[in-house]
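Undergrad: all I have is the shape, not the residue letters:
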């Protein structure tokens, strides 16, 4: 079965989630990956959205973080102060799944501005829940399309702490959670190098060369001593993803919606 | 509490220069009330909202706001808020001051306001650049453990405006579904306006733990059926996701935005949201 690089990315991200995980879900690409995992290998996966919906099982992907089906299919829905205080800050979440506009080699994220803060070239949405999600979840997965514009040498703004500007800030700040342990892109997967916490290429998606990854990364990207090939999406994974996206497009009254 | 028309409620309880919190986390966004504020030409407002979405994009684009307090400003799942970006990037129709937080900070700040506290303390912002651009983000040391914790001033808006499903004849308001920070915003504010889908004799069968704002916590209750469209009211109507997608093109250019606002807001009858 042939597939696109976007499908490869979503499938690879979904596979990282286990059935025992309690996952705080970001909107967009993370939401697609989390729901694909729940609909395929990880039916026991518990999804929590910042709108307060706990253990939600939507049949279609929400366009926003608070679409009706998230509440209608949830075990319970609590207020937004409670979701951030008791459930996230309280340490109940095993994994947070985030995206971003810019990422650096230590998996710090920018979703605030391109250009200077006071006179931005592009004003992005801002932190939302991300800065506390990254600190309070047990570990963090990140999913982003890879290009020199998004994988940058230096962030214009550090919205969400990964491993910090030197790679060692989490421990220095007394943050006990693991932070980013996986970055999944449309080209490869990256994991932090032990010792330095720099994100290095762990696997290449089928048909992707090292040169392509180098050309699509704004810092001199490094590779793990052994780089595997990411297993291609199985037919069952692709069918589940395409069904989910078709249901979603019908529900939103328009094509699109990843 | 008084039952008022939306026009009268805005006239009496929203003044130029007020700090106005219009909440609703994707769900129950008070569009009808926001449109009434635009029609009445309110100016110099400090608009407070965790997720300024289409409603604040419209209010900013129509020049009602001097300052925006927020934590995530986008069209969810679609992309940018073009009017918000035009104000920040180009000062159109007027420059806007932004006070930027994270969601956790805003939620904690509303809760602290409702609790009558001067500030909120939580674990947040560590290692990020936000404290460098918002002097309202401070840190303090826990007197028991020594841990460094984030601290922000509580939110105490002049007026909170929310939408809910229904009120009874006493003006007691019931909210169901995604609750957001509506209860906290109302209890933190000096004045509160609630628009509702319907006014009923009895709120009806409900859980003993149903979320109810007693009429005596509110300034005004206004009947505004459909008042949350194009967002949604759980149990009444769904989210108009197609309109959220369409807003991207409508709002991209100043001219098409102004034309849409003229037809659908400025020249629309009061109380009627799109």
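TA: Everything's here; your move. The structure presented is a predicted model; accordingly, all values stated were derived computationally and were not measured.

Undergrad: I'd say residue B:164 and residue B:171 touch.
TA: No - between residue B:164 and residue B:171 there is no contact, the gap being 11.1 Å when judged by Cβ atoms under 8 Å. The C-beta positions use only the backbone N, C-alpha and C, and glycine is treated the same way.

Undergrad: more neighbours: the two, which one.
TA: Taking other Cβ atoms under 10 Å in any protein chain shown, residue B:164 and residue B:171 do not tie; residue B:164 has more neighbours (26 against 21).

Undergrad: for the host helix or strand of that one, packing partners?
TA: Per DSSP states H and E, residue B:164 falls inside strand B:159-168. For strand B:159-168, the elements it packs on are strand B:19-22, helix B:31-39, strand B:173-175, helix B:182-188, strand B:191-200, judged by 3 or more Cβ pairs under 8 Å, 6 or more residues apart in numbering or on different chains; DSSP states H and E.

Undergrad: nearest to residue B:120, of the ones you listed?
TA: Checking these against residue B:120 by Cβ to Cβ gives helix B:182-188 as the closest, at 10.8 Å.

Undergrad: which outside residues touch the closest one?
TA: Residues outside helix B:182-188 that contact it (Cβ atoms under 8 Å, 6 or more residues apart in numbering or on different chains) are A:79, A:81, B:21, B:23-24, B:28, B:107, B:110-114, B:154-157, B:160, B:162, B:164, B:175, B:192, B:194, B:211, B:213, B:217-218.

Undergrad: buried sites along it?
TA: Buried positions in helix B:182-188, judged by neighbour count with 16 or more other Cβ atoms under 10 Å in any protein chain shown: B:182-188.

Undergrad: same question, stretch A:118-125
TA: A:120, A:123-125.

Undergrad: what of stretch B:12-25?
TA: B:13-14, B:18-25.

Undergrad: stretch A:45-59 now?
TA: In stretch A:45-59, counting by 16+ other Cβ under 10 Å, buried: A:45-54, A:56-58.

Undergrad: how would you label the residue of the stretch 151-274 of chain B found nearest chain A: helix, strand or coil?
TA: Going by Cβ to the nearest Cβ, chain A is nearest to residue B:242 of the stretch 151-274 of chain B, at 3.6 Å. Of the three states, residue B:242 takes helix under DSSP: H, G, I helix; E, B strand; the rest coil.

Undergrad: quick one: contacts for the closest residue to it other than its chain neighbours?
TA: Closest residue to residue B:242 apart from its sequence neighbours, by Cβ to Cβ, 6 or more residues apart in numbering or on different chains: residue A:253 at 3.6 Å. Under the criterion of Cβ under 8 Å, 6+ apart, the neighbours of residue A:253 are B:241-242, B:245.

Undergrad: just the element for the residue of chain A found nearest chain B, please.
TA: Closest residue of chain A to chain B, Cβ to the nearest Cβ: residue A:66 (2.8 Å). Counting by DSSP H and E, there is no helix or strand that carries residue A:66.

Undergrad: give me the subset of the buried residues of stretch B:12-25 touching chain A.
TA: residue B:25 (Cβ under 8 Å from any Cβ of the partner chain).

Undergrad: which ones are touching whichever residue of chain B sits closest to chain A?
TA: Using Cβ to the nearest Cβ, the single residue of chain B nearest to chain A is residue B:26, 2.8 Å away. With contact taken as Cβ under 8 Å, 6+ apart, residue B:26 is in contact with A:51, A:64-67, B:51, B:53, B:76, B:178, B:180, B:231, B:239.

Undergrad: nearest to residue A:129, of those?
TA: Nearest to residue A:129 among the contacts of residue B:26, with distances taken as Cβ to Cβ, is residue A:65, at 8.4 Å.

Undergrad: ramachandran coordinates for that closest one?
TA: Taking degrees, to the nearest 10, you get phi -80, psi -10 for the backbone angles of residue A:65.

Undergrad: my guess is residue B:93 contacts residue B:66, does it?
TA: No - contact between residue B:93 and residue B:66 fails when scored by Cβ under 8 Å: they sit 11.8 Å apart.

Undergrad: for residue A:180, what are phi and psi?
TA: According to degrees, to the nearest 10, residue A:180 has phi -60, psi 120.

Undergrad: what count of nearby residues applies to residue B:40?
TA: 14.
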